[in-house]
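> Quick one, what's the 3D model for this:
(2 chains)
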Protein chains: 2
Amino acid sequence: MVSAGPARRAPDDERLARAALGRLAEPGDPRLTAMVLEEGAVRALATLTAQRRRAAAAAEDAEASRTLVADVAARLAALDPGRDLAEAARIGVRFVVPGDDEWPECLDDLDRCGTHLGRGGRPMGLWARGPLRLDEVVERAPVAVVGSRSSTSYGDDAAGEIAAEVARAGHPVVSGGAFGIDKAAHRGALAVSGQTVAVLANGVDRAYPASHADLLARIAETGLVVSEMPPAATPTKLRFLARNRLIAGLGSATVVVEAATRSGALNTSTWAEMLNRIVMGVPGPVTSATSEGVHELIRGRGGLLVTRGAEVLEAVAPMGQATLPVPRQPQRPEDRLSLHDQQVRDALPAWEPVTAEHIARAAGLSLESVIPALDRLLEAGLSERWEGRYRLRRA
Amino acid sequence: MVSAGPARRAPDDERLARAALGRLAEPGDPRLTAMVLEEGAVRALATLTAQRRRAAAAAEDAEASRTLVADVAARLAALDPGRDLAEAARIGVRFVVPGDDEWPECLDDLDRCGTHLGRGGRPMGLWARGPLRLDEVVERAPVAVVGSRSSTSYGDDAAGEIAAEVARAGHPVVSGGAFGIDKAAHRGALAVSGQTVAVLANGVDRAYPASHADLLARIAETGLVVSEMPPAATPTKLRFLARNRLIAGLGSATVVVEAATRSGALNTSTWAEMLNRIVMGVPGPVTSATSEGVHELIRGRGGLLVTRGAEVLEAVAPMGQATLPVPRQPQRPEDRLSLHDQQVRDALPAWEPVTAEHIARAAGLSLESVIPALDRLLEAGLSERWEGRYRLRRA
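Below you'll find the predicted structure:
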């Protein structure tokens, strides 16, 4: 999947600085995000390093303790980004940063949409494992399919079907590698040999949950496993929340299948909204707690109701393409009747045939207009005639 | 329920003319609707009678056979509206017409919204049976609850619950007296001694389906059974379709619970849209054919997704009243933590207690900021301390 031509790579000091910064603060730390946005990664790291030297020289005071440098001082001392990159490469993990060909530029939107959810901003970089290229993945309008970890088999089936249909049409399926809907989505894509990307809150060399080791290994073989956390990192609640913005940001659309009223999947959809991505929800029984969050998403937050993959494809297709036909049951001959002829048909008896005069009286129509209508009904196979009398013909 | 004060009644000739015209053409016949809108009922009847005399004198020609008068000639000869009214009164059925106190003026909207669906317009009048007054019913913002005749028990339950909740709040429940969702809606209202109105495609003295005789009798005892068709009239396909506009017109909102992609319930919701009434739909499993039409209504036609009666009440309440709280699961103490303190909590071990220094390192935060955070976590009951070491406290 590696494209031909001279590869564009970010400078080494940029990659090293970003690997270092990614280890320093928790993902999406608004202080570090703002600093990197203003100064760039290389200068931000230099600034923090200089601040730490000054702080170590001076006595630490209460104010300093609240600064980013105070928080990250211990980690700053232990950094060795060169070793991190070398060890990652040894286990087949690359670190993709802005400036690389492979960098998915759609994630830059994260720097533009603010940090209303507390944690935000573009990640320092993405640790990636797998044969796909991130830039090529995001060019194919990926669809994020997310939902409850404690899904029902109804939700799993719906997520799997939608993921399979979306992947079959060439759109990568992005999800979080978790129990429930995430697993069903990844599996749906894998089942049709489609592309799928798992975005983790822990290092891409670790399986969380442990029982998904096989699933994640399969994804890494044909798709991609990515994380902003370096290899060996463990997941925390904050890391899961920060991770959700990456799923939303990598997807051109997010489909929520089953979610309780407060759930990680809804957090992902909130990110998707803030990023101006399309947000969709798959409804379920109103009696199902796992569908409550999805119904709220459609009801109150403008989420598009979708029931199958074709509807998701319609939403992510460029304007005017992939338009769905309005769903219709098969047309029956009686549906093509004019109102007048329907009125005549309504007046036909089911059993004992009657005369045209009788029908005209029953229908409240003139005999002159009823006679040609009876001919048309005969022709359409909707009535029967015996010795000048008519009755309904049933299918 | 009859209100005090001098009753306003339409003139007798108006009532007689409307009873006559209602017998002449099928409900919503656009030719008669237009004629009455232009000339009024009394003059329209006189015009048709005169036209018939002229047509009988002249030889009927092909063109004349297409006119309204040609269609209704036979019925015109047999009219006896005075007898119709007297016989209706004898069996406890009244004929309510525009100009009466009891006339539900919201139905006048039907004359304003065109006849895009082929049959339309305000009915000539409504034959009514039951103790409620139509004008008082429509003042209480009735809610139409309609849906599939071949509903599932899921749909029946949802319709019954919503109807009960809506009726309990004082809104009459309007439906069509049919199998399935209609029956469940009427029953839901009756179960809480609420008001319910059945709008039929046949005479209000007839039960269709026959097995609903008891249900319709119960509705007539405490609520209302109405129809634009005179007593003894039988239902036809066209009459069902015309009837749907009355359900939509009497409701301040229409809720569709289960409907296939082409169904009478969707026809009712189309009327409701044209009448600028609120249209709502109750979603169901995407695997259920009986929910397909509802999903299409929400997806493509702007129908509001509702899952329970409270949401219906919110939609029909005057602006600013009956606002629902945003659904939330109960707040847990950890949800009130600042991002900083969440980060500290994330770093707490589940089993073996560790020192504050250890936690600061794991969290990537300064010791100075971690120590007060650990105090706050202890206070909130989210952590435990033994001999200066901390661990997570689980609920």
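> Do I have it right that A:S288 meets A:S153?
No: in this structure, A:S288 is not within contact of A:S153 by C-beta atoms under 8 Å, at 11.5 Å. Bear in mind the C-beta positions are built from the backbone N, C-alpha and C, glycine included.
> Looking at these two, which is more packed in?
A:S288 (18 against 8; other C-beta atoms under 10 Å in any protein chain shown).
> For the closest residue to chain B within the stretch 101-250 of chain A, list the residues it contacts.
As assessed by C-beta to the nearest C-beta, chain B sits closest to A:T236 within the stretch 101-250 of chain A, at 3.8 Å. Counting by C-beta atoms under 8 Å, 6 or more residues apart in numbering or on different chains, A:T236 makes contact with A:E26, A:A201, B:Q343, B:D346, B:A347.
> how much space between it and A:Y208?
11 Å (C-beta to C-beta, to the nearest Å).
> how about the strands in chain A?
A:94-96, A:126-129, A:143-147, A:173-175, A:196-199, A:224-227, A:253-257, A:278-282, A:304-305, A:383-386, A:389-392 (DSSP state E).
> Would you reformat the ones you listed as CSV and include mean pLDDT?
Listed next are those as CSV, based on pLDDT from 0 to 100:
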stretch, mean pLDDT
strand A:94-96, 98
strand A:126-129, 98
strand A:143-147, 98
strand A:173-175, 98
strand A:196-199, 98
strand A:224-227, 98
strand A:253-257, 98
strand A:278-282, 97
strand A:304-305, 96
strand A:383-386, 89
strand A:389-392, 92
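> and the ones you listed, which is most packed in?
Comparing the strands of chain A by mean neighbour count (mean count of other C-beta atoms under 10 Å in any protein chain shown), strand A:143-147 comes out on top with a mean of 34.
> elements contacting it?
Applying 3 or more C-beta pairs under 8 Å, 6 or more residues apart in numbering or on different chains; DSSP states H and E, we find strand A:143-147 packed against helix A:153-168, strand A:173-175, helix A:181-191, helix A:237-250, strand A:253-257, helix A:264-274.
> thinking again about what came up before, turn the contacts of A:T236 into a markdown table, including pLDDT and neighbour count.
Output for these, formatted as a markdown table (pLDDT from 0 to 100; neighbours: other C-beta atoms under 10 Å in any protein chain shown):
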| residue | pLDDT | neighbour count |
| --- | --- | --- |
| A:E26 | 90 | 22 |
| A:A201 | 97 | 26 |
| B:Q343 | 87 | 26 |
| B:D346 | 88 | 19 |
| B:A347 | 89 | 23 |
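> farthest-separated two in the residues you listed?
Across the contacts of A:T236, the longest distance by C-beta to C-beta is 14.6 Å; it joins A:A201 and B:A347.
> Output the below-cut-off pLDDT ranges for the stretch 101-250 of chain A.
In the predicted model, the stretch 101-250 of chain A carries pLDDT under 70 at residues A:114-118.
> Do me a favour and average the pLDDT over stretch A:351-358.
Stretch A:351-358 comes out with an average pLDDT of 90.
> Buried residues of that stretch, list them for me.
By 16 or more other C-beta atoms under 10 Å in any protein chain shown, the buried positions in stretch A:351-358 come out as A:P353, A:V354, A:A356, A:H358.
> just checking, which of the residues you listed belong to helices?
A:A356, A:H358 (DSSP state H).
> between the buried residues of stretch A:351-358, which is nearest chain B?
Using C-beta to the nearest C-beta, the buried residues of stretch A:351-358 come closest to chain B at A:H358, 10.5 Å.
> Next one: the closest one from B:A74, what distance?
10 Å.
> What residues does the stretch 201-350 of chain A have near chain B?
A:236-239, A:260-262, A:282-287, A:291-292, A:295-296, A:298-300, A:304-308, A:311, A:326-329, A:339, A:342-343, A:345-347 (C-beta under 8 Å from any C-beta of the partner chain).
> hang on, the earlier thing: could the strands of chain A be laid out in JSON lines, adding distance to B:R168?
Below are these laid out as JSON lines (distance: least, C-beta to C-beta, whole Å):
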{"stretch": "strand A:94-96", "distance to B:R168": "59"}
{"stretch": "strand A:126-129", "distance to B:R168": "54"}
{"stretch": "strand A:143-147", "distance to B:R168": "34"}
{"stretch": "strand A:173-175", "distance to B:R168": "42"}
{"stretch": "strand A:196-199", "distance to B:R168": "47"}
{"stretch": "strand A:224-227", "distance to B:R168": "52"}
{"stretch": "strand A:253-257", "distance to B:R168": "32"}
{"stretch": "strand A:278-282", "distance to B:R168": "29"}
{"stretch": "strand A:304-305", "distance to B:R168": "28"}
{"stretch": "strand A:383-386", "distance to B:R168": "49"}
{"stretch": "strand A:389-392", "distance to B:R168": "44"}
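> Sweet, I'm off.
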